[in-house]
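A.B. asks: Quick one: sequence plus predicted model below, questions after.
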Amino acid sequence: MQHPADRAGPGAARLAEAASRLSSSPSFFVFCLCLVVAVFAVHIVEVGVRWQLFAGDCMTAVTLLLLALLKNSELRAERAVQRKLDAIAAAMPEAQEGPPGKAYDDLRSAIRPEDEI
């Protein structure tokens, strides 16, 4: 069974990374803050139920998007940590046996793989 972080292609990984960076930016925070203020204003002004439902749907969509991005980031971070641990576990016995080999190269490539995306 393939790890969830390995299932998507490189294009999906880049898209997820870009979305993750956008969602952690100050401009996205300001957008979310404006959305919350707008929902609050819609309820205070007591506009029609249709607008209140629309505002609530917008909040739900943003919440779902952020949840998906959070889970994706969590899976990528988990995969990066596991790759580093596997490389360390393989390189330790090799280091005791003699000159660096394949496990050492794997360990070097496992350092900061999340920056490659």
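C.D. replies: Perfect, thanks for sending it.

A.B. asks: Give me the helices and strands touching whichever helix or strand Phe29 is part of, please.
C.D. replies: Element membership of Phe29, judged by DSSP states H and E, is helix 26-45. Helices and strands touching helix 26-45, as assessed by 3 or more Cβ pairs under 8 Å, 6 or more residues apart in numbering; DSSP states H and E, comprise helix 49-97. Quick note: C-beta positions are derived from backbone N, CA and C, even for glycine.

A.B. asks: Centroid-nearest residue for the protein?
C.D. replies: The structure's the chain has its C-alpha centroid closest to Ser73; by Cα atoms, centre = their mean the separation is 2.1 Å.

A.B. asks: burial measure for the closest residue to it other than its chain neighbours, as a count.
C.D. replies: For Ser73, ignoring the flanking residues on the chain, the nearest one in space by Cβ to Cβ, 6 or more residues apart in numbering is Ser20 at 5.1 Å. Using other Cβ atoms under 10 Å, Ser20 has 16 neighbouring residues.

A.B. asks: Quick check: which element contains Ser20?
C.D. replies: Using DSSP H and E, Ser20 falls within helix 10-23.

A.B. asks: Tell me which residues of that helix come out buried.
C.D. replies: Judged by neighbour count (16 or more other Cβ atoms under 10 Å), helix 10-23 contains these buried residues: 13, 16-17, 19-20, 23.

A.B. asks: where does the chain have its least confident helix or strand?
C.D. replies: Counting by mean pLDDT, DSSP states H and E, the weakest-scoring helix or strand in the chain turns out to be helix 4-7, with a mean of 54.

A.B. asks: No further queries at this time; thank you.
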